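> turn this into a model:
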Amino acid sequence: MPYITTPERVGYKRGMTAGIEKGIITGMLELKFGVNAFSVIDKALDYANKNGFDSLKEAIKNSATLDDLKAVLG
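Here you go, the predicted structure:
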């Protein structure tokens, strides 16, 4: 097994966390709004980075339509 430095280990964990969050966000959007939701994934990720993952979850949960979510995301 190759040696992994601490910075490499931290970078790996951050990358894994970001990938998991993106997958969860994509899944939530697709379940709620269908395939049309793929148009807002980038905005949703930006929103989550600025306001937090829980804030995005609430925005998705409280939006009745994709247009409502777009208004929240900006």
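
> right, and residue 48 touches residue 25 too?
Yes. The pair residue 48 / residue 25 is scored as a contact, 6.4 Å apart, by C-beta atoms under 8 Å. C-betas here are computed from N, CA, C, even on glycine.

> can you pull out the helices in the protein?
Under the criterion DSSP state H, the chain contains helices at 6-33, 41-51, 53-62, 66-73.

> where does the chain have low pLDDT?
Filtered on pLDDT under 70, the chain yields the residue ranges 1.

> just to revisit the earlier point, in a markdown table: the helices of the chain, plus mean neighbour count.
Compiled in a markdown table, the helices of the chain are given as follows (neighbours: other C-beta atoms under 10 Å):
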| stretch | mean neighbour count |
| --- | --- |
| helix 6-33 | 12 |
| helix 41-51 | 15 |
| helix 53-62 | 15 |
| helix 66-73 | 15 |
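
> from residue 20, how far off is residue 35?
Look at residue 35 and residue 20: by C-beta to C-beta, to the nearest Å, they are 22 Å apart.

> what's the answer for residue 69, then?
Going from residue 69 to residue 20 by C-beta to C-beta gives 21 Å.

> please apply the same query to residue 62.
To residue 20, residue 62 is 23 Å away according to C-beta to C-beta.

> who's in contact with residue 21?
Applying C-beta atoms under 8 Å, 6 or more residues apart in numbering, we find residue 21 in contact with 45, 48, 53.

> centre of the chain to stretch 60-73, how far?
Relative to the mean C-alpha coordinate of its chain, stretch 60-73 is positioned 14 Å out (C-alpha atoms, centre = their mean, to the nearest Å).
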